[in-house]
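> Fold the stuff below for me.
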Amino acid sequence: MKVWIDTDGGVDDALALACAFGSPRLELAGISTVFGNVAPRKAARNAALVQSFFDPPHVGISVGAAAPLTGHWRDARVIHGEDGLGGASAGHVLGYESGHVREDGPEICARHIAGFARAAGPDDALICLGPVTNLAIALRRDPDAFAALGQIICMGGALSIPRSRRGTVEFNFGSDLEAVRGVLAAAPRLTVIPLDTCRQVVLRRARLAAMAERTGSPLTHFLQRAHNHYMDRYRASDGIDGCYPHDALAIAAMAAPGMFRFQTLALELSDDASFPGLLRESGQGRSVQIAAGVAHRAALDWIEACICGPAPH
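Next up, the predicted model:
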């Protein structure tokens with residue numbers, strides 16, 4: 001199964017990309033980046049760094065939208081660190097970027113995404129791990145390109161407001177509400193992995209440390225270092241010594257869908273201004289597939305199998 005991943009370059013994105021490279025069921029066809037956790041150029045650097053832990057072939061990385069269609073963007077460096085990777089990029093020379101990162105901009109990036117979709121088949125997917133601006137632009141400029149694509153999977157939105165998040169935002173959808181409206185209105189075979197479901201799975205600090213100790217691989221040690229600051233933030237905000245592996249679950253929904261319980265709902269954005277990115281059922285909305293539940297132990301075992309397998313060097 002071929003996948004194209006659109007990423008905003010944070011710690012959970014790094015874990016998701018590692019899972020995509022490590023999954024024997026997936027073939028990564030391309031990567032694009034969008035503003036979000038960090039700026040899209042920095043997100044491209046982070047994607048190239050994760051890719052460098054795996055043997056070739058390596059794929060091109062297209063730098064996409066640097067701002068939402070409307071409104072303003074506020075990054076998440078306080079959670080993910082200045083580099084988006086909790087400082088884990090320090091010490092890595094920049095040679096891994098050469099020949100992979102393309103300074104495309106939103107229109108050319110959208111053309112690449114549409115090109116992948118047009119060439120894709122029913123077993124292939126586009127997976128969006130950040131704000132959906134690149135996807136919205138691609139759908140607007142070439143909607144017919146997505147006719148044969150098997151799935152569009154977006155990690156974002158929420159069906160309820162977590163107690164710890166009241167007065168804030170669901171980051172991915174809330175960062176570009178206009179883009180979300182366009183995607184909900186036009187994206188065929190759309191699957192949404194909402195915040196509610198992501199919070200059913202906790203990757204504990206101790207488990208990630210055990211993976212790094214057991215494998216001794218550069219990849220697992222890199223991921224452990226990247227997650228330290230990220231997990232510190234979750235301990236302060238949610239009282240867990242770990243994190244919710246949001247973006248890795250979006251990859252899992254493609255590679256191991258049997259772990260999930262899906263349902264089909266007609267959804268639209270809520271007008272509740274206290275939590276931008278909130279979704280609600282509506283007779284006006286289009287039907288989309290929602291990941292309503294996930295087997296948390298199976299999800300953690302799948303993540304571990306992906307990043308501790310034989311692929312990384």
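> what bits of the stretch 151-300 of the chain have low per-residue confidence?
163-168 (pLDDT under 70).
> Please enumerate the helices of it.
For the stretch 151-300 of the chain, the helices defined by DSSP state H, counting those that start in this stretch cover 171-174, 177-186, 195-198, 205-215, 218-238, 246-255, 296-308.
> In the longest one, which residues are buried?
Within helix 218-238, the residues that qualify as buried are 219-231, 233-234, 238, counting by 16 or more other Cβ atoms under 10 Å. For the C-beta atoms, the positions are set from N, CA and C on the backbone; glycine is no exception.
> and the angle from it to helix 205-215?
170 degrees (axes from the mean of the first three to the mean of the last three Cα atoms, to 10 degrees).
> follow-up on the earlier one: got the helices of the stretch 151-300 of the chain as JSON lines, with distance to V59 columns?
As requested, the helices of the stretch 151-300 of the chain are exported to JSON lines (distance: least, Cβ to Cβ, whole Å):
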{"stretch": "helix 171-174", "distance to V59": "22"}
{"stretch": "helix 177-186", "distance to V59": "23"}
{"stretch": "helix 195-198", "distance to V59": "25"}
{"stretch": "helix 205-215", "distance to V59": "24"}
{"stretch": "helix 218-238", "distance to V59": "17"}
{"stretch": "helix 246-255", "distance to V59": "15"}
{"stretch": "helix 296-308", "distance to V59": "17"}
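> Mind giving me the packing neighbours of the helix or strand hosting A29?
Per DSSP states H and E, A29 falls inside strand 27-33. Packed against strand 27-33 by the contact rule (3 or more Cβ pairs under 8 Å, 6 or more residues apart in numbering; DSSP states H and E) you find strand 2-7, helix 11-22, helix 40-52, strand 61-63, helix 106-119.
> give me that answer again for 10 Å
strand 2-7, helix 11-22, helix 40-52, strand 61-63, strand 101-102, helix 106-119, strand 125-128, helix 133-141 (3 or more Cβ pairs under 10 Å, 6 or more residues apart in numbering; DSSP states H and E).
> Just checking: what are the partner strands of it?
The strands beside strand 27-33 in its sheet (DSSP bridges) come out as strand 2-7 (parallel), strand 61-63 (parallel).
> Tell me how confident the model is about the first one, as a mean pLDDT.
I take that to be strand 2-7. Strand 2-7 shows a mean pLDDT of 98.
> got the CA positions of stretch 234-251 in CSV?
What follows is stretch 234-251, C-alpha atoms only, in CSV (Å, rounded to 0.1, in the frame of the first residue of the first chain):
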residue,chain,number,x,y,z
TYR,A,234,2.0,16.1,29.1
ARG,A,235,2.9,15.3,32.7
ALA,A,236,2.3,19.0,33.5
SER,A,237,-0.9,19.4,31.6
ASP,A,238,-2.6,15.9,31.8
GLY,A,239,-0.8,14.2,34.7
ILE,A,240,0.6,11.3,32.6
ASP,A,241,4.2,10.3,32.4
GLY,A,242,4.0,9.7,28.7
CYS,A,243,2.1,11.1,25.7
TYR,A,244,-0.7,10.4,23.4
PRO,A,245,0.8,9.1,20.1
HIS,A,246,-1.7,11.0,18.0
ASP,A,247,-0.1,10.8,14.6
ALA,A,248,1.2,7.3,14.8
LEU,A,249,-2.5,6.2,15.2
ALA,A,250,-3.3,7.8,11.9
ILE,A,251,-0.6,5.6,10.3
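> L26 touches I251, doesn't it?
Yes - counting by Cβ atoms under 10 Å, I251 is a contact partner of L26 at 7.4 Å.
> ok so, going back, tell me which of the helices of the stretch 151-300 of the chain approaches G283 most closely.
G283 lies closest to helix 177-186 among the helices of the stretch 151-300 of the chain, at 13.9 Å (Cβ to Cβ).
> Check the burial of C243 by counting its neighbours.
24 (other Cβ atoms under 10 Å).
> Show me what K2 is bridged to.
E27.
> rewinding a little: name the residues contacting each of L26 and I251.
Shared contacts of L26 and I251 (Cβ atoms under 10 Å, 6 or more residues apart in numbering): V3, I5, C19, A20, A125, I127, C306.
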